[in-house]
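Asker: Fold the following, please.
(one chain, ligands or ions: 1)
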Amino acid sequence: MALIILKLGGSSITKKADNKFEVDYDILNRSAQEIKNALDQNPGLKIILVCGVGPFGHTNVTNYNLNGKIETLKQEEGVEKTKKDCAYVGNETVKALKGVGIRAKLILGTDICIQNARKVVSFDLNEYKKCLEEKIIPVTTGTMVPDQSFKWSVMSGDQVIAQIAKKFSPEKVLMGTDVDGIFTADPKIDAGAKLIELITKENIQDVLTKCGESKSVDVTGGMKGKLEKLASTLNGIPAEIFSLFVEGNLENALLGKEIKSTKIKL
Ligand code: ADP
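Answerer: As a prediction, the model looks like this:
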């Protein structure tokens, strides 16, 4: 099965850099159109979509102090707001896909994942299987999920990818973000940063020491957190990180064409 796990990063489909609770509809709608174009050219393609939520997750988690145990009424309110806000991003994504004629369905992380001290202990994949059989693109965002120790905890989009990749053996993992890939330093801070085109077992440790966290509010570790999570879960599955701000990148990446990016082969 030609399955691709596609992540639309919060830095591209939301106004993460401006810390605004807003969806970036230019990027989201164009991404939906590019997915449609790729599916039209390769109807056998199966996609599981994972969305970052930018401020809808990270800023709420910071404002309401949701990183540890959930004990106060204010934190409970924060959990509810975060779940609602993350579901909003997921729903807008489903709407964007449906708008270009793609069948899509939101699968809420809160309904299928249980964690213990922020580590996944169970993740129900049945809904994903059903969607793939019915040619529906499942969409899941990072959100708050039930936690056996903390009551609720953050489950990032990158954790969703890890779970799905482990069980479905996708052909590849594509991650769209707001920069061309992984650089020798944060390209938003260091103008001399150079794109690293290929990450393998040989250079990953070196890359991790150079990689910074997100410049925006990010409670899941930004680019460094992303690479660490990928490194521990890819297990031979190729991954590619690229910019969703460059028109055509997503369509070409889905079709396996060469684009400016960082490829990961571990
Ligand atoms: P997303 O929300 O799309 O998943 P993140 O905000 O978590 O993405 O990570 C992307 C950000 O990571 C970039 O906007 C960039 O500023 C920052 N970053 C830090 N270090 C690096 C690096 N070495 N290479 C690329 N990006 C980096």
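Asker: what about His51, distance to Gln205?
Answerer: Quick fix: residue 51 is Cys, not His. In this structure, Cys51 and Gln205 are 30 Å apart, going by Cβ to Cβ, to the nearest Å. C-beta: built from backbone N, CA, C; applies to glycine.
Asker: Count residues in the vicinity of the residue lying closest to Phe245 once chain neighbours are set aside, would you?
Answerer: What sits nearest to Phe245 in space, not counting adjacent residues and going by Cβ to Cβ, 6 or more residues apart in numbering, is Asp178, at 6.0 Å. By the measure other Cβ atoms under 10 Å, the count of residues near Asp178 is 22.
Asker: unless I'm mixing things up, Asp178 is touching Ile241, no?
Answerer: No - counting by Cβ atoms under 8 Å, Asp178 sits too far from Ile241 to count as a contact (10.8 Å).
Asker: ok, now which ones touch Val139?
Answerer: The neighbourhood of Val139, defined by Cβ atoms under 8 Å, 6 or more residues apart in numbering, consists of 49-51, 90, 93-94, 97, 104-107.
Asker: got those as a markdown table, with secondary structure columns?
Answerer: Below are those laid out as a markdown table (DSSP: H, G, I helix; E, B strand; the rest coil):
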| residue | secondary structure |
| --- | --- |
| Leu49 | strand |
| Val50 | strand |
| Cys51 | strand |
| Gly90 | helix |
| Thr93 | helix |
| Val94 | helix |
| Leu97 | helix |
| Ala104 | strand |
| Lys105 | strand |
| Leu106 | strand |
| Ile107 | coil |
